[in-house]
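Chemist: quick one, what's the 3D model for this:
(chains A and B)
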Number of protein chains: 2
Amino acid sequence: MGSEHEISKAVVKRLPRYYRYLGDLMNAKVERISSNELSDLMNVTASQIRQDLNNFGGFGQQGYGYNVKYLYHEIGKILGLDKTYAMIIVGGGHLGQAIANYVKFEKRGFSIKGIFDNNPELEGMLVRGIPIRMTSEMPGFLKENELQIAALTLPKTGAEMVVPVLVENGVKAIWNFAHTDLQVPDDVVVENVHLSESLMQLSYDLNHRKGKE
Amino acid sequence: MGSEHEISKAVVKRLPRYYRYLGDLMNAKVERISSNELSDLMNVTASQIRQDLNNFGGFGQQGYGYNVKYLYHEIGKILGLDKTYAMIIVGGGHLGQAIANYVKFEKRGFSIKGIFDNNPELEGMLVRGIPIRMTSEMPGFLKENELQIAALTLPKTGAEMVVPVLVENGVKAIWNFAHTDLQVPDDVVVENVHLSESLMQLSYDLNHRKGKE
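Modeler: Below you'll find the predicted structure:
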């Protein structure tokens, strides 16, 4: 399968967006789409689309276009969405609860098994049926359950303290919302969502936008 | 000032991270830092750092290094953090409340003036002293208050409906958490935070990581 060869990081970064559009098309019962139609829809050049999607080989056919469902599933496989993942959330505040409440993640195969916090006031609180447990129970929980992903929705210092415990107990992927760059071994991956950096980007763009008076 | 010339998008994307590290150094009372030291700290090559920071001209001095405070403030100015912004949050659920609770944003000059939702159960609820108002009151609120930024923490369909109202009332920057690409006029900027796409990236990385057994 084409999915096994090396795909450039830039293309990989664009795949989730293709996946989203293809999912919407599928829901709208669209069976085929040409690169030109997809180009209009996604506001990306058709040649970029062809280049990106040719990475996987043989999806597009001259005069037929892409088979939406097939392409959706192939991209899903490349992104690892054909598997399921057991995930915990460390940090049971609003952000942690927001993530625990996203039913969509669950549908995509990211199953939330536990939520941890060290605020005793949150202990036992149910978020979509999942009880918030004390962080002190986390090592035991990790030993009993095989977890792949941890979302860190707690402040910087807490996040840095919790990482070694996660890594020691086999967590291989960290979804990091804390404003810090985590130190992890080579075989552990980190995806950062730094909200304050995103807001700074917006402020930069606001001050440098076209048509600014 | 160097800040007026065109800085490449790639460099701009890296500025918030420099800003974060410089802020931490400032808090730790560090006055100067060499590109080599900054390189070790940030895990970026020293030549990349020199290239990036030379964009602003004259910050670094041979044998002296960078003046942390000066560089912090200059980068802050480039990012527009020397100004204040009035912001509203549309969507008063967990994610909206998480953002409203980030005191750090307020300190950086992003002042949250209102939170809107169309769930009557949330009406009047206070988040960091800010009452949640009904979305129907939003147009009037926008006319009475000069707002620059709107954070959209509501589902896709709601976000798409709300954008024309925001644009009509002078909002020039949208911080979009909804899983959709918003249509806006040329003089309005959008910064997207697509959490599900970030999670897919993590799942890709998890399946393609080094040392994967």
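
Chemist: ok, the longest strand seen in chain A near chain B or not?
Modeler: Secondary structure of chain A read by DSSP state E shows that its longest strand is strand A:110-117. Yes - Strand A:110-117 is in contact with chain B by C-beta under 8 Å from any C-beta of the partner chain, via A:Phe110. C-beta here means a position set from N, CA and C on the backbone, and glycine is covered the same way.

Chemist: after that strand, next one along is what?
Modeler: With elements assigned by DSSP states H and E, the helix or strand that comes after strand A:110-117 is strand A:126-127.

Chemist: what are the boundaries of the strands in chain A?
Modeler: Assigned by DSSP E, chain A shows strands spanning A:32-33, A:60-61, A:65-67, A:85-90, A:110-117, A:126-127, A:130-134, A:149-152, A:173-176, A:189-192.

Chemist: single out the most deeply packed of the ones you listed.
Modeler: strand A:149-152 (a mean of 27; mean count of other C-beta atoms under 10 Å in any protein chain shown).

Chemist: what pairs with it, parallel or antiparallel?
Modeler: Strand pairing for strand A:149-152, using DSSP bridges, gives strand A:85-90 (parallel), strand A:173-176 (parallel).

Chemist: what are the ranges of the helices in chain A?
Modeler: Taking DSSP state H as the criterion, chain A contains helices spanning A:9-27, A:35-42, A:46-54, A:68-78, A:94-101, A:103-107, A:138-144, A:156-168, A:195-207.

Chemist: CSV for the ones you listed, including distance to A:Pro131 and mean neighbour count?
Modeler: Output for the helices of chain A, formatted as CSV (distance: least, C-beta to C-beta, whole Å; neighbours: other C-beta atoms under 10 Å in any protein chain shown):
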stretch, distance to A:Pro131, mean neighbour count
helix A:9-27, 31, 17
helix A:35-42, 41, 16
helix A:46-54, 43, 16
helix A:68-78, 31, 19
helix A:94-101, 11, 23
helix A:103-107, 16, 13
helix A:138-144, 11, 15
helix A:156-168, 19, 17
helix A:195-207, 26, 21
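
Chemist: out of those helices, which is closest to B:Lys29?
Modeler: Smallest distance to B:Lys29 across the helices of chain A (C-beta to C-beta): 18.5 Å, for helix A:156-168.

Chemist: tell me what angle the closest one forms with helix B:9-27.
Modeler: Relative orientation of helix A:156-168 and helix B:9-27, computed by axes from the mean of the first three to the mean of the last three C-alpha atoms, to 10 degrees: 110 degrees.

Chemist: now do the contacts for A:Phe116.
Modeler: A:88-92, A:132-135, A:137-138, A:141 (C-beta atoms under 8 Å, 6 or more residues apart in numbering or on different chains).

Chemist: ok, now with 10 Å
Modeler: A:88-92, A:96, A:122, A:132-138, A:141-142, A:150, A:154, A:162 (C-beta atoms under 10 Å, 6 or more residues apart in numbering or on different chains).

Chemist: if we can go back for a sec, got the angle for the longest strand of chain A vs helix A:156-168?
Modeler: Using the same axes, to 10 degrees, strand A:110-117 lies at 130 degrees relative to helix A:156-168.

Chemist: so where's chain A shaky on pLDDT?
Modeler: Filtered on pLDDT under 70, chain A yields the residue ranges A:1-5, A:57-63, A:211-213.

Chemist: thinking again about what came up before, any chance of the strands of chain A in a markdown table, plus distance to B:Asn36?
Modeler: Formatted as a markdown table, the strands of chain A follow (distance: least, C-beta to C-beta, whole Å):
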| stretch | distance to B:Asn36 |
| --- | --- |
| strand A:32-33 | 51 |
| strand A:60-61 | 48 |
| strand A:65-67 | 49 |
| strand A:85-90 | 34 |
| strand A:110-117 | 39 |
| strand A:126-127 | 46 |
| strand A:130-134 | 43 |
| strand A:149-152 | 30 |
| strand A:173-176 | 26 |
| strand A:189-192 | 24 |
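
Chemist: looking at these, which is closest to B:Glu168?
Modeler: So among these, strand A:32-33 is nearest, using C-beta to C-beta, at 32.7 Å.

Chemist: what does that closest one contact?
Modeler: Contact partners of strand A:32-33, identified using C-beta under 10 Å, 6+ apart, comprise A:21-22, A:25, A:39, A:41, A:49, A:60-61, A:64-71.

Chemist: which of the residues you listed come close to chain B?
Modeler: Among these, the residues lying close to chain B (C-beta under 10 Å from any C-beta of the partner chain) are A:21, A:41.
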